[in-house]
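A.B. asks: structure for the following, please:
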Amino acid sequence: MDRQKLIWTVVFAVGALGLIINAVTRDAGSVYVKNVEHEFALVKDWKWVGTNTEVAKNYDLKGKETKIESIDHEFVLIDTNWIDIKSENAIGINLEDKETKIESIEHVFAKVFDEKWVDIKSDDALDYDIDVPENIIWSSTDNANAKDFIQYKLINTKKYLSEFIQKNNVNISDSLLNVISTRWVSNDESVSLFSIIQEVGYGKRNASLRQLIDDMENPHFRNEFLEQINNKNPFIFSFSRTLGIWVAAMFTLFIMSFLFKDNPFYKFAESVVVGVSAAYWMVVGFWDVIVPNLFGKLSPSFISSWAMPGLTGEADFWYLVPLVLGIMLLWRLAPSGTWISRWPLAFIIGTTAGIRLMGFIHADFLSQIRNSIIPLAVFENGSFLFWDSFLNLVLIIGVLTAIVYFFFSIEHKGVVGKTARVGIWFLMVTFGAAFGYTVMGRIALLAIRLEFLFDDWLWIIDPAMNRIAGI
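C.D. replies: Next comes the predicted model:
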């Protein structure tokens, strides 16, 4: 190792060690939590559902209140058939310059109810009458923060001081009690309590209060009160969440160590991230795709009994086809069955390419052409709009010159060459803007990780007052 690499290695090692020692000695990286009880109420939402829709299959419509409504439908004439514009049969059909008609059709709707649990302290609860609800109490452990801790200390300090003052038969206003409590919680020694009571007039007409305040100025007296409050502190240290903060910080440093050079720490972090990500998405794919969309279609009653309560419907054995294709894909794991997996793979690639091609043609290709056909001169209410017209002109020039640059049937000389060069400028501006936008996104990700290191882990900054240790 040459001298320069040795120096950078020592600097990096000493810096990382210093950060870790700083975190340990200052209790940084610690997470405190509090137990919070949530009260939920069972409420009902009702809605009207068309009896012939797919949504209606999820409800038992027997005995439900019904109504009949006439809804206007727009139809387009394709060949000799009238097709509903909003139906699946109209997808992919060019509806421009087609004969259309409006026809009113009667639909039957059923009134159905959905039940759900709503937190009575949330904004959603405002939409329901939950005076006499069916309730459940659920406790959760939430992250504590400095604002909650200060508020807790302020309320309890005021409570203890009020009880102490009443025992001494001294009258004191709520405003003065708030001043004393706030000063104790914040440890503000800049202004004495005695000067405060003199300003509000207590000092001249209440000698017992002056003596009481003088006793309360004693640090030992105040520390005893605060110790009573801290003994009942509902905020507790969470080992599991603290361990998570430290593991995340270490992995962040391991990944960033690649900036120096490839090393075992980076390789370890990379392998763990890839492995955990693959396992996570496998579990998500199983529960969010395979269970509801495959097993739930083949045997709804069985899946409803153990995985998805409330799932209804009849078995659809057409889903045996994707099940068989999926099993055929697994043959790729067997050395002698690789050829079997090629059939479902070819089917997946072919269908996906066809579906994506149609979507790309309609959403991107044709849409770009449509948006490029714009007027050079823009008028509104008889007035000429110079800026809008200029923007349209720049857009048209950019489109045409970029097309000329990619037109290689004619040699790029003379007028064609100069036009192609203008097209290059438009392309470079576009690529530069796209690249800059990408870099900006990556810089934002880096800023988030640095904020995590300096705030959550090292406690060097605390913009949101998220920690309570040492307060």
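A.B. asks: for the host helix or strand of Val399, packing partners?
C.D. replies: For Val399, the host element (DSSP states H and E) is helix 386-405. Secondary structure elements in contact with helix 386-405, counted by 3 or more CB pairs under 8 Å, 6 or more residues apart in numbering; DSSP states H and E, are helix 366-372, helix 414-451. Yep, even glycine has a C-beta here, placed from its N, CA and C like the rest.
A.B. asks: the last one: how far from the chain's middle?
C.D. replies: What separates the centre of helix 414-451 from the centre of its chain is 28 Å, taken as CA atoms, centre = their mean, to the nearest Å.
A.B. asks: point out where the stretch 151-300 of the chain drops to low pLDDT.
C.D. replies: Along the stretch 151-300 of the chain, the model assigns pLDDT under 70 to residues 168-173, 183-219, 221-222, 225-226, 228-232.
A.B. asks: and what of the stretch 351-471 of the chain?
C.D. replies: Along the stretch 351-471 of the chain, the model assigns pLDDT under 70 to residues 465-471.
A.B. asks: kindly recompute the last result at 50.
C.D. replies: 470-471 (pLDDT under 50).
A.B. asks: tell me the phi and psi of Phe40?
C.D. replies: phi -110, psi 140 (degrees, to the nearest 10).
A.B. asks: ok, now Tyr59?
C.D. replies: phi -130, psi 150.
A.B. asks: please name the nearest non-neighbouring residue to it.
C.D. replies: Val112 (4.5 Å; CB to CB, 6 or more residues apart in numbering).
A.B. asks: can you tell me how far that neighbour is from Ala56?
C.D. replies: Noted for Val112: a distance of 8 Å to Ala56, by CB to CB, to the nearest Å.
A.B. asks: overlap in contacts, these two.
C.D. replies: Val49 (CB atoms under 8 Å, 6 or more residues apart in numbering).
A.B. asks: strands of the stretch 51-200 of the chain, start to end?
C.D. replies: Applying DSSP state E, counting those that start in this stretch to the stretch 51-200 of the chain gives strands spanning 66-78, 81-84, 100-119, 134-143.
A.B. asks: format those strands as JSON lines; extra columns: mean pLDDT.
C.D. replies: Below are the strands of the stretch 51-200 of the chain laid out as JSON lines (pLDDT from 0 to 100):
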{"stretch": "strand 66-78", "mean pLDDT": "80"}
{"stretch": "strand 81-84", "mean pLDDT": "76"}
{"stretch": "strand 100-119", "mean pLDDT": "80"}
{"stretch": "strand 134-143", "mean pLDDT": "72"}
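A.B. asks: out of the ones you listed, nearest to Gly414?
C.D. replies: strand 66-78 (49.0 Å; CB to CB).
A.B. asks: could you say what helices and strands the closest one packs with?
C.D. replies: Here strand 66-78 is seen to pack against strand 81-84, strand 100-119 when contacts are counted using 3+ CB pairs under 8 Å, 6+ apart.
A.B. asks: so can I have CSV of those strands showing mean neighbour count?
C.D. replies: Output for these, formatted as CSV (neighbours: other CB atoms under 10 Å):
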stretch, mean neighbour count
strand 81-84, 13
strand 100-119, 13
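A.B. asks: who does the residue nearest to Tyr59 bridge with?
C.D. replies: Lys47 (DSSP bridges).
A.B. asks: how close does it sit to Gly313?
C.D. replies: Relative to Gly313, Val112 is positioned 15 Å away (CB to CB).
A.B. asks: what do you get for Val49?
C.D. replies: Distance from Val49 to Gly313, by CB to CB: 15 Å.
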